[in-house]
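Visitor: just to be clear, the model below is a prediction. Sequence and coordinates:
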Amino acid sequence: MQRLRTFLDSHTDNKDVANIIDGLMVSCKDIAYRLNLGSLAGVIGSAEQENVQGECQKLLDVISNDLIKDCLAAMPQVRGLASEEEPDPVACNKDGDYLVLFDPLDGSSNIDVNVTVGTIFSILKAAPGADGASESTYLQAGNQQVAAGYVLYGQSTLLLFSTGNGVHAFTLDPRIGEFVLERENISIPATTSEFAINMSNQRFWLPEMQNYVADLLQGEEGPLGKRYNMRWIASMVAEIHRILTRGGIFMYPYDSRDPSKPGKLRLMYEGNPMSMLVEQAGGKASTAFDDIMAIDPEAIHQRVSVVMGSADEVTTAISYHK
Ligand code: AHG
Ligand code: MN
Ligand code: MN
């Protein structure tokens, strides 16, 4: 049995990042515990307020955000944090060298129905002297991430992360309160026959995406020559976990519902960290036009179109957009 702390110490020379990931798990274990108790802990339901993106916040969105925020603010390594549930970045410790961006609870529409949700995080290096409270400090492309990961609250609580040296999976053993190593150096198969997309948005997609998905649906009789199966959990974190486990392609593409938004998902705490994990596992992550991690961000809460997963399938999807 290998514990997370032991693994981190032997796996990375960056003690600060090891401490941040290890420390962050204190709040994630707390979130897992509360999710487990559900209505017994009084955590199910709406917070009856909206976040900066105009989305209705669930009680657990707010609780998870506060738990992670307090945890990070106490870490000497953390200069500042940015969260889906915080309108502006929050300065932490001015001597810290790192920035942590996170989605405290992804898939929160699934909380009330007891379906898997997760916490997504991305760690960036702060420029010398940069202000932890200023948005510009955080506006770095995804390929600058020093680490990324997620905690999945499902049948078990899992942690998957990368510090730029493969993707590794841990399972929380609630008997001892520790994450223990489950799988090292995860690899996504290059081809698959499973796709995930919210089909109810079909009429809003670009014609190129409509053509690609129409061909997926034609199966062995269509130009792609094989039968595809579909999955849609509506928690990106759970979809990406399935892809890291058995391959597949996940898409939340451009759509015309709101022309001011290039997609539903957020670049800095959903698109970028998931792209790092997928690419570290040998997969591919694109907007359907460009590499997600090459995008120069303009705002912390900016949206992005997402097509990621098995490399060959993502390459095929991109080829429809050329
Ligand atoms: P969040 O709960 O953090 O706002 O993100 C939810 C996202 C993502 O997890 C999922 O892929 C997508 O929203 C599902 O949205 P719809 O089912 O509304 O299309
Ligand atoms: Mn999310
Ligand atoms: Mn969220």
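Guide: Perfect, I can see it now. Ligands and ions are numbered 1, 2, ... in the order given.

Visitor: show me where the stretch 1-150 of the chain has strands.
Guide: With DSSP state E, counting those that start in this stretch as the criterion, the stretch 1-150 of the chain has strands at 46-50, 56-58, 78-83, 90-91, 98-106, 117-125, 147-153.

Visitor: I'd like these as CSV, with distance to ligand 2 and mean neighbour count appended.
Guide: Just so you know, the C-beta spots here come from the backbone N, C-alpha and C atoms, and that holds for glycine as well. Below are the strands of the stretch 1-150 of the chain laid out as CSV (distance: least, Cβ to the ion, whole Å; neighbours: other Cβ atoms under 10 Å):
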stretch, distance to ligand 2, mean neighbour count
strand 46-50, 15, 11
strand 56-58, 12, 18
strand 78-83, 11, 26
strand 90-91, 19, 16
strand 98-106, 3, 28
strand 117-125, 7, 26
strand 147-153, 10, 27
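
Visitor: mind putting the ones you listed into JSON lines with distance to ligand 3?
Guide: Below are the strands of the stretch 1-150 of the chain laid out as JSON lines (distance: least, Cβ to the ion, whole Å):
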{"stretch": "strand 46-50", "distance to ligand 3": "12"}
{"stretch": "strand 56-58", "distance to ligand 3": "9"}
{"stretch": "strand 78-83", "distance to ligand 3": "9"}
{"stretch": "strand 90-91", "distance to ligand 3": "17"}
{"stretch": "strand 98-106", "distance to ligand 3": "4"}
{"stretch": "strand 117-125", "distance to ligand 3": "8"}
{"stretch": "strand 147-153", "distance to ligand 3": "12"}
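
Visitor: among those strands, which is nearest Ala285?
Guide: strand 147-153 (11.2 Å; Cβ to Cβ).

Visitor: which strands or helices does that closest one pack on?
Guide: Packing contacts for strand 147-153, counted by 3 or more Cβ pairs under 8 Å, 6 or more residues apart in numbering; DSSP states H and E, involve helix 15-37, strand 117-125, strand 157-162, helix 236-246, helix 272-280.

Visitor: does anything pack onto the first one? Which helices or strands?
Guide: Same thing as helix 15-37. The contact analysis (3+ Cβ pairs under 8 Å, 6+ apart) places helix 15-37 against helix 4-11, helix 59-73, strand 98-106, strand 117-125, strand 147-153, strand 157-162.

Visitor: what's the angle from the second one to strand 98-106?
Guide: The reference is to helix 59-73. Inter-element angle recorded for helix 59-73 and strand 98-106: 160 degrees (by axes from the mean of the first three to the mean of the last three Cα atoms, to 10 degrees).

Visitor: swap in the fifth one?
Guide: Using the same axes, to 10 degrees, the inter-axis angle of strand 147-153 relative to strand 98-106 is 30 degrees.

Visitor: neighbouring strands - and their directions - for strand 147-153?
Guide: Note on strand 147-153: by DSSP bridges, its sheet partners are strand 117-125 (antiparallel), strand 157-162 (antiparallel).

Visitor: got a markdown table for the ones you listed, with mean pLDDT and distance to ligand 1 too?
Guide: Below are the strands paired with strand 147-153 laid out as a markdown table (pLDDT from 0 to 100; distance: least, Cβ to the nearest ligand atom, whole Å):
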| stretch | mean pLDDT | distance to ligand 1 |
| --- | --- | --- |
| strand 117-125 | 98 | 8 |
| strand 157-162 | 98 | 16 |
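
Visitor: picking up where we left off before, in TSV: the strands of the stretch 1-150 of the chain, plus distance to Ala288.
Guide: Converted to TSV, these look like this (distance: least, Cβ to Cβ, whole Å):
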stretch	distance to Ala288
strand 46-50	30
strand 56-58	29
strand 78-83	26
strand 90-91	33
strand 98-106	21
strand 117-125	21
strand 147-153	21
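
Visitor: to Ser193, which of the ones you listed lies closest?
Guide: Shortest distance between Ser193 and the strands of the stretch 1-150 of the chain, using Cβ to Cβ, is found for strand 147-153: 23.4 Å.
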